[in-house]
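> prediction below, plus the sequence it came from.
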Amino acid sequence: MKLTVVQRNRIHDLFWKCGSSGLIGLLFSTGIYLLVLRDHPGATVFSTLLLGTLTGIFLALSITLVDERLHKSGRQPLWFDFMIMPLLFTLIIAVEYSILFILIMSFESYLTNSYILQSICFSLLIGFCFNFISTINRLLGQHVLKGLITGKYHRPVNEERFVLFLDLVGSTSTAEKIGNQSFHSFLNDFFCDLSKPVINLHGDIYKYVGDEVIITWKKNTGITSDSVLAVFFEIQRVIAERSRHYSEQYGTVPQFRAGLHFGTVVVGEMGDYKQEIALLGDVMNTASRIQSECRNLGVQFLVSEDALKLLSPKDGKYAIAPCGAVELRGKQSGMNLYSITQSTTA
């Protein structure tokens with residue numbers, strides 16, 4: 001069975017997490033062996049390093065799956081992430097480390113020189129750091145924290161990016177129908193549901209603007225995978241799976257349109273008291289106007305020729321229909337746009 005781009009990305013991310021955690025476990029167990037266990041009977045180099053590596057791999061795997069399961073069942077408040085999650089991770093660490101130690105070493109060694117407290121404290125520290133960074137990234141957006149800490153965008157820089165403007169259809173009438181508070185909940189559910197496909201497809205949610213979301217990919221990330229085009233249809237699939245929830249809760253299911261463009265944007269820090277990394281430039285305005293043109297042309301997903309040339313889909317997954325040179329507001333000449341749908345033969 002051929003894996004989808006989402007499945008491939010999830011497997012890639014899981015391998016990266018497990019590999020990184022296994023390496024950390026290997027380094028930690030090396031230090032423990034050299035400093036403490038080298039003179040203990042029954043503790044060999046191989047068994048100690050194997051224990052550390054497997055513990056790191058299994059912890060990363062189990063914690064990732066538990067975290068996904070908890071957040072899949074509903075959004076958790078920050079106090080839950082910072083207080084309850086570390087306690088849950090501590091329990092997982094204690095159980096898995098104990099089982100692996102007994103299997104690799106022996107039960108007698110576990111009672112005398114397992115150093116479980118030190119191992120749990122170290123693993124918990126690493127887990128808390130990963131959880132903290134993940135939570136801050138969730139609040140600020142992917143890679144924003146890294147950019148602010150490193151000062152990469154302290155001075156504005158030019159970057160080539162794919163920019164996708166995705167807009168909710170009929171939001172005004174929906175708000176009038178269900179009321180402002182229910183509409184806020186409706187919009188929040190929609191934005192939360194689309195977040196997972198965007199993350200799985202390595203996109204960055206740059207900003208929410210009313211009922212609109214702006215998603216970007218750096219050039220190299222976008223052209224090395226099918227993520228940029230696939231994200232629209234993956235969001236459609238997720239919303240379709242959640243259609244019963246929306247129908248029962250709000251009496252309507254989200255419909256949306258999107259416009260995709262590619263070009264150079266200016267990226268830099270903006271503000272002082274409330275700081276963010278801002279993206280500016282003609283590409284942003286053009287992508288927004290391409291999205292607006294969806295309504296006039298009666299399509300759901302429009303892509304500029306500049307973006308499509310770089311993505312060049314070839315596997316027959318998408319049906320590409322040229323819309324000709326379309327006059328966009330504020331543009332002196334027409335821009336070639338293409339309507340993208342999923343191919344029925346894919």
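Received the coordinates, thanks.

> and whichever strand or helix holds Ser288, how far out from the chain middle?
Assignment of secondary structure by DSSP states H and E places Ser288 within helix 282-297. Offset of helix 282-297 from its chain centre (C-alpha atoms, centre = their mean, to the nearest Å): 25 Å.

> which of the residues in that helix are buried?
By neighbour count on 16 or more other C-beta atoms under 10 Å, the buried set for helix 282-297 is 283-294. Yep, even glycine has a C-beta here, placed from its N, CA and C like the rest.

> residue boundaries of the strands in the protein?
With DSSP state E as the criterion, the chain has strands at 157-168, 204-209, 212-218, 256-270, 276-280, 301-304, 318-326, 335-342.

> hey, which of those is tucked in deepest?
strand 301-304 (a mean of 26; mean count of other C-beta atoms under 10 Å).

> the longest helix in this protein is where?
helix 5-35 (DSSP state H).

> other SSEs contacting that helix?
In terms of contacts (3 or more C-beta pairs under 8 Å, 6 or more residues apart in numbering; DSSP states H and E), helix 5-35 is packed against helix 45-72, helix 116-140, helix 180-200, helix 227-241.

> rewinding a little: which stretch among the strands of the chain comes nearest Phe28?
Checking the strands of the chain against Phe28 by C-beta to C-beta gives strand 204-209 as the closest, at 32.1 Å.

> quick revisit: Gly251 is nearest to which of the helices and strands packed on helix 5-35?
Of all those, it is helix 180-200 that lies closest to Gly251, at 9.3 Å by C-beta to C-beta.

> contacting residues around that closest one?
6, 9-10, 13, 75, 142, 166, 168, 171, 174-175, 178, 204-205, 208, 211, 213, 215, 231, 234-235, 237-239, 242, 245-246, 249-250, 252, 254 (C-beta atoms under 8 Å, 6 or more residues apart in numbering).

> now those: which count as buried?
Buried members of the contacts of helix 180-200, counted by 16+ other C-beta under 10 Å: 6, 9-10, 142, 166, 168, 171, 174-175, 178, 204-205, 211, 213, 215, 231, 234-235, 238-239, 242, 246, 250, 254.

> which outside residues touch stretch 212-224?
By C-beta under 8 Å, 6+ apart, stretch 212-224 touches 159-168, 191, 194, 198, 202-208, 227-228, 231, 262, 265, 279, 284, 287, 291, 310-311.

> quick one: Thr286 from Glu293, how far?
As judged by C-beta to C-beta, to the nearest Å, Thr286 and Glu293 stand 10 Å apart.

> now swap in Ile32 and tell me
Counting by C-beta to C-beta - Ile32 and Glu293 are separated by 62 Å.

> under the pLDDT cut-off, which ranges of the stretch 201-346 of the chain? List them.
By pLDDT under 70, the low-scoring segments of the stretch 201-346 of the chain are 225, 274, 314-315, 330, 332, 344-346.

> make it 80
224-226, 271-277, 312-316, 327, 329-334, 343-346 (pLDDT under 80).

> one step back: what touches both of Thr286 and Glu293?
Leu328.

> contact partners for Ser21?
Taking C-beta under 8 Å, 6+ apart as the test, what Ser21 contacts is 56-57, 59-60, 126.

> for Phe58, give me its contacts.
96, 100 are the contacts of Phe58 under C-beta under 8 Å, 6+ apart.

> distance-wise, check it relative to Leu124.
15 Å.

> just Pro156 next, same as before
40 Å.

> okay, those two: which has more neighbours?
Leu124 (17 against 14; other C-beta atoms under 10 Å).

> wait, the more buried one sits on Leu88?
No: using C-beta atoms under 8 Å, Leu124 is not in contact with Leu88, being 10.8 Å away.

> in the sheet, who's paired with the nearest residue to Val283 once chain neighbours are set aside?
Of all residues not flanking Val283 in the chain, Gly263 sits nearest, at 3.8 Å (C-beta to C-beta, 6 or more residues apart in numbering). Going by DSSP bridges, Gly263 is paired in beta bridges with Arg161.

> again, but for the one 5 residues further on
Assessed by DSSP bridges, Gly268 has beta-bridge partners Ala278.

> contacting residues for it?
153-157, 277-278, 280.

> go again with 7 Å.
153, 155-157, 278 (C-beta atoms under 7 Å, 6 or more residues apart in numbering).

> farthest pair in these?
It's Arg155 and Ala278 that sit farthest apart of these, by C-beta to C-beta, at 12.8 Å.

> Val283 contacts Leu260, correct?
No: between Val283 and Leu260 there is no contact under C-beta atoms under 7 Å: 10.6 Å.

> do you know how far Thr172 is from Gln236?
Distance from Thr172 to Gln236, by C-beta to C-beta: 22 Å.

> quick one: terminal-to-terminal distance for stretch 236-247?
15 Å (C-alpha to C-alpha, to the nearest Å).

> do stretch 212-231 as well
15 Å.

> for it, the distance to its chain's centre please.
12 Å.

> what about stretch 92-109, average pLDDT?
Averaging pLDDT along stretch 92-109 yields 79.

> buried sites along it?
Quick answer for stretch 92-109 (16+ other C-beta under 10 Å): 92-94, 96-98, 100-101, 104-105, 109.
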